[in-house]
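Novice: below: sequence and its predicted model.
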Amino acid sequence: GQQLNQSPQSMFIQEGEDVSMNCTSSSIFNTWLWYKQDPGEGPVLLIALYKAGELTSNGRLTAQFGITRKDSFLNISASIPSDVGIYFCAGRQGGTSYGKLTFGQGTILTVHP
Amino acid sequence: SAVISQKPSRDICQRGTSLTIQCQVDSQVTMMFWYRQQPGQSLTLIATANQGSEATYESGFVIDKFPISRPNLTFSTLTVSNMSPEDSSIYLCSVEVPGGRAIGEQFFGPGTRLTVL
(Lines give C-alpha, C1' and ligand atoms only; values in the text may rest on other atoms or scores of the structure.)
Protein backbone atom coordinates (compact mmCIF):
# COMPACT_ATOMS: atom_id res chain seq x y z
CA GLY A 1 0.00 0.00 0.00
CA GLN A 2 0.87 3.66 -0.01
CA GLN A 3 3.46 4.87 2.44
CA LEU A 4 4.45 8.29 3.62
CA ASN A 5 7.90 8.69 5.11
CA GLN A 6 7.82 11.40 7.73
CA SER A 7 10.94 12.80 9.37
CA PRO A 8 12.26 13.40 11.86
CA GLN A 9 10.59 10.87 14.17
CA SER A 10 11.13 13.16 17.15
CA MET A 11 12.54 16.58 17.97
CA PHE A 12 13.68 18.17 21.22
CA ILE A 13 14.00 21.94 20.93
CA GLN A 14 14.22 25.05 23.05
CA GLU A 15 11.37 27.50 23.22
CA GLY A 16 11.78 30.15 20.53
CA GLU A 17 13.51 27.88 18.03
CA ASP A 18 12.13 27.14 14.59
CA VAL A 19 11.07 23.61 13.63
CA SER A 20 10.94 21.88 10.28
CA MET A 21 9.52 18.46 9.40
CA ASN A 22 8.72 16.82 6.10
CA CYS A 23 6.98 13.95 4.37
CA THR A 24 7.93 12.16 1.20
CA SER A 25 6.21 9.51 -0.86
CA SER A 26 6.84 7.37 -3.91
CA SER A 27 3.29 8.19 -5.05
CA ILE A 28 1.66 11.41 -6.19
CA PHE A 29 -0.94 13.02 -3.95
CA ASN A 30 -3.56 15.63 -4.87
CA THR A 31 -3.91 16.99 -1.35
CA TRP A 32 -1.53 17.25 1.58
CA LEU A 33 -2.78 17.81 5.10
CA TRP A 34 -0.93 18.48 8.33
CA TYR A 35 -2.43 17.53 11.70
CA LYS A 36 -1.44 17.92 15.34
CA GLN A 37 -2.49 15.40 17.97
CA ASP A 38 -2.38 16.07 21.70
CA PRO A 39 -2.43 13.18 24.19
CA GLY A 40 -5.91 11.68 24.54
CA GLU A 41 -7.31 13.75 21.68
CA GLY A 42 -8.10 13.27 18.01
CA PRO A 43 -5.89 14.91 15.37
CA VAL A 44 -6.62 18.57 14.69
CA LEU A 45 -6.23 19.90 11.16
CA LEU A 46 -3.56 22.61 10.91
CA ILE A 47 -3.10 23.25 7.21
CA ALA A 48 -4.46 21.83 3.94
CA LEU A 49 -2.62 22.13 0.62
CA TYR A 50 -4.25 21.57 -2.77
CA LYS A 51 -1.83 22.58 -5.53
CA ALA A 52 1.75 21.66 -6.37
CA GLY A 53 4.02 24.47 -5.22
CA GLU A 54 1.39 25.97 -2.92
CA LEU A 55 2.78 27.68 0.18
CA THR A 56 0.26 28.30 2.94
CA SER A 57 0.61 29.88 6.37
CA ASN A 58 -1.51 29.62 9.49
CA GLY A 59 -0.07 31.89 12.17
CA ARG A 60 3.41 30.61 13.03
CA LEU A 61 2.91 27.55 10.82
CA THR A 62 3.92 27.40 7.16
CA ALA A 63 3.49 24.39 4.89
CA GLN A 64 4.33 23.73 1.27
CA PHE A 65 3.05 21.27 -1.32
CA GLY A 66 6.08 19.97 -3.23
CA ILE A 67 6.38 20.62 -6.97
CA THR A 68 6.61 16.90 -7.71
CA ARG A 69 3.43 16.31 -5.62
CA LYS A 70 5.34 13.63 -3.75
CA ASP A 71 6.41 15.66 -0.74
CA SER A 72 5.42 18.37 1.72
CA PHE A 73 7.02 20.18 4.61
CA LEU A 74 5.78 21.97 7.71
CA ASN A 75 7.66 24.75 9.49
CA ILE A 76 6.86 26.13 12.91
CA SER A 77 8.51 29.43 13.78
CA ALA A 78 9.34 30.69 17.26
CA SER A 79 8.12 27.56 19.02
CA ILE A 80 6.24 27.79 22.32
CA PRO A 81 5.53 25.11 24.96
CA SER A 82 1.97 24.51 23.68
CA ASP A 83 3.42 23.36 20.34
CA VAL A 84 4.26 20.08 22.09
CA GLY A 85 2.47 17.14 20.50
CA ILE A 86 2.60 14.71 17.62
CA TYR A 87 2.46 16.13 14.10
CA PHE A 88 1.19 13.98 11.24
CA CYS A 89 1.27 14.57 7.53
CA ALA A 90 -1.47 12.97 5.44
CA GLY A 91 -1.90 12.64 1.70
CA ARG A 92 -5.02 12.19 -0.36
CA GLN A 93 -4.91 10.84 -3.88
CA GLY A 94 -8.43 11.54 -5.10
CA GLY A 95 -10.08 9.69 -8.00
CA THR A 96 -11.18 6.24 -6.87
CA SER A 97 -9.36 6.89 -3.60
CA TYR A 98 -11.53 9.95 -2.97
CA GLY A 99 -11.50 10.77 0.72
CA LYS A 100 -8.97 8.15 1.73
CA LEU A 101 -6.03 9.59 3.66
CA THR A 102 -2.64 7.97 4.05
CA PHE A 103 -0.78 9.11 7.17
CA GLY A 104 2.89 9.51 7.92
CA GLN A 105 4.40 7.95 11.02
CA GLY A 106 4.32 11.20 12.98
CA THR A 107 6.87 13.60 14.45
CA ILE A 108 6.93 13.89 18.23
CA LEU A 109 7.78 17.47 19.20
CA THR A 110 9.06 18.39 22.64
CA VAL A 111 9.65 22.05 23.50
CA HIS A 112 11.76 22.93 26.52
CA PRO A 113 10.88 26.25 28.19
CA SER B 1 -15.30 22.52 9.88
CA ALA B 2 -17.52 20.11 11.81
CA VAL B 3 -18.04 19.21 15.45
CA ILE B 4 -17.73 15.48 15.99
CA SER B 5 -18.49 13.53 19.15
CA GLN B 6 -17.78 9.90 19.95
CA LYS B 7 -19.17 7.56 22.57
CA PRO B 8 -17.78 6.03 24.65
CA SER B 9 -14.60 8.06 25.14
CA ARG B 10 -12.89 5.00 26.58
CA ASP B 11 -13.71 1.46 27.65
CA ILE B 12 -12.09 -1.60 29.10
CA CYS B 13 -13.51 -4.84 27.71
CA GLN B 14 -13.07 -8.54 28.15
CA ARG B 15 -11.69 -10.79 25.47
CA GLY B 16 -14.40 -12.28 23.24
CA THR B 17 -16.93 -9.50 23.75
CA SER B 18 -17.98 -6.77 21.31
CA LEU B 19 -18.11 -2.99 21.63
CA THR B 20 -20.09 -0.54 19.51
CA ILE B 21 -18.66 2.97 19.11
CA GLN B 22 -20.91 5.84 18.08
CA CYS B 23 -19.96 8.89 16.02
CA GLN B 24 -22.23 11.93 15.80
CA VAL B 25 -21.63 15.00 13.62
CA ASP B 26 -23.29 18.38 14.06
CA SER B 27 -24.02 18.76 10.33
CA GLN B 28 -24.82 16.54 7.37
CA VAL B 29 -21.72 15.15 5.70
CA THR B 30 -21.34 12.88 2.72
CA MET B 31 -18.24 11.02 3.76
CA MET B 32 -17.49 9.46 7.12
CA PHE B 33 -14.52 7.28 7.91
CA TRP B 34 -13.27 5.05 10.69
CA TYR B 35 -9.58 4.87 11.61
CA ARG B 36 -7.57 2.82 14.06
CA GLN B 37 -4.54 4.13 15.91
CA GLN B 38 -2.60 1.43 17.69
CA PRO B 39 -0.49 2.43 20.70
CA GLY B 40 2.33 4.75 19.64
CA GLN B 41 1.46 4.37 15.99
CA SER B 42 -0.02 6.41 13.18
CA LEU B 43 -3.59 6.27 11.89
CA THR B 44 -4.81 3.50 9.60
CA LEU B 45 -8.07 3.69 7.69
CA ILE B 46 -10.45 0.85 8.52
CA ALA B 47 -13.34 1.70 6.22
CA THR B 48 -15.47 4.35 4.59
CA ALA B 49 -18.97 4.46 6.06
CA ASN B 50 -21.45 4.85 3.20
CA GLN B 51 -24.93 6.17 3.89
CA GLY B 52 -27.56 3.67 2.79
CA SER B 53 -25.13 1.01 1.62
CA GLU B 54 -22.44 -1.32 2.87
CA ALA B 55 -19.19 0.19 4.11
CA THR B 56 -16.06 0.03 1.96
CA TYR B 57 -13.28 -1.75 3.83
CA GLU B 58 -9.54 -1.33 3.41
CA SER B 59 -7.19 -4.22 2.94
CA GLY B 60 -6.78 -6.15 6.17
CA PHE B 61 -10.16 -5.19 7.61
CA VAL B 62 -13.35 -7.22 7.19
CA ILE B 63 -17.01 -6.62 7.84
CA ASP B 64 -17.38 -9.57 10.21
CA LYS B 65 -14.78 -8.10 12.54
CA PHE B 66 -15.68 -4.41 12.14
CA PRO B 67 -19.35 -4.08 11.14
CA ILE B 68 -20.30 -0.47 10.38
CA SER B 69 -23.67 1.22 10.19
CA ARG B 70 -24.48 4.60 8.61
CA PRO B 71 -28.23 5.18 8.91
CA ASN B 72 -28.11 8.89 8.01
CA LEU B 73 -25.77 11.74 7.10
CA THR B 74 -24.89 12.68 10.68
CA PHE B 75 -24.36 9.35 12.46
CA SER B 76 -22.33 6.15 12.20
CA THR B 77 -21.36 3.24 14.40
CA LEU B 78 -18.35 0.93 14.37
CA THR B 79 -18.49 -2.40 16.20
CA VAL B 80 -15.32 -4.18 17.23
CA SER B 81 -16.38 -7.83 17.38
CA ASN B 82 -15.00 -10.81 19.27
CA MET B 83 -12.27 -8.63 20.74
CA SER B 84 -8.74 -9.72 21.59
CA PRO B 85 -5.95 -7.75 23.28
CA GLU B 86 -4.57 -6.92 19.80
CA ASP B 87 -7.68 -4.77 19.25
CA SER B 88 -6.57 -2.38 22.00
CA SER B 89 -6.32 0.91 20.12
CA ILE B 90 -7.81 4.34 19.71
CA TYR B 91 -10.69 4.27 17.23
CA LEU B 92 -11.40 7.55 15.49
CA CYS B 93 -14.15 8.67 13.19
CA SER B 94 -13.60 11.45 10.72
CA VAL B 95 -15.71 13.39 8.25
CA GLU B 96 -14.93 15.15 5.03
CA VAL B 97 -16.68 18.50 4.71
CA PRO B 98 -18.54 18.85 1.40
CA GLY B 99 -18.17 21.69 -1.05
CA GLY B 100 -15.71 24.38 -2.00
CA ARG B 101 -12.13 24.56 -0.90
CA ALA B 102 -12.91 22.34 2.08
CA ILE B 103 -12.97 19.30 -0.16
CA GLY B 104 -10.24 17.02 1.04
CA GLU B 105 -10.20 18.41 4.57
CA GLN B 106 -10.99 15.72 7.08
CA PHE B 107 -11.90 16.49 10.65
CA PHE B 108 -11.55 13.96 13.44
CA GLY B 109 -13.54 13.11 16.50
CA PRO B 110 -11.86 12.86 19.91
CA GLY B 111 -11.43 9.11 19.62
CA THR B 112 -12.47 6.08 21.66
CA ARG B 113 -9.67 4.51 23.66
CA LEU B 114 -10.28 0.76 23.87
CA THR B 115 -8.40 -1.62 26.13
CA VAL B 116 -9.06 -5.35 25.80
CA LEU B 117 -8.02 -7.59 28.68
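Specialist: Thanks, I have it.
Novice: contacts only, for the residue nearest to A:K70 when sequence neighbours are not counted.
Specialist: Nearest residue to A:K70, sequence neighbours excluded (CB to CB, 6 or more residues apart in numbering or on different chains): A:S25, at 5.0 Å. Where you see a C-beta, it was placed from the backbone N, CA and C, and this is true even at glycine. Contacts for A:S25 (CB atoms under 8 Å, 6 or more residues apart in numbering or on different chains) come out as A:2-5, A:70-71, A:91, A:102.
Novice: so which residues on chain B come close to chain A?
Specialist: Taking CB under 8 Å from any CB of the partner chain as the contact definition, chain B meets chain A at B:1, B:4, B:31, B:33, B:41-45, B:48, B:58-59, B:92, B:94, B:96, B:101, B:104-111, B:113.
Novice: in chain B, which helix or strand is least confident?
Specialist: strand B:106-108 (a mean of 90; mean pLDDT, DSSP states H and E).
Novice: now it, how far from the chain's geometric center?
Specialist: Here the centre of strand B:106-108 is set off from its chain's centre by 11 Å, with CA atoms, centre = their mean, to the nearest Å.
Novice: who does the residue nearest to A:K70 form a beta bridge with?
Specialist: Beta bridges link A:S25 to A:L4 when assigned by DSSP bridges.
Novice: just the buried residues from the contacts of A:S25, in ChimeraX please.
Specialist: To isolate the buried ones among the contacts of A:S25 in ChimeraX, judged by 16 or more other CB atoms under 10 Å in any protein chain shown, type:
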select /A:4,70,71,91,102
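Novice: from the contacts of A:S25, pick the one nearest A:I47.
Specialist: The shortest approach to A:I47 among the contacts of A:S25 belongs to A:G91, at 13.2 Å (CB to CB).
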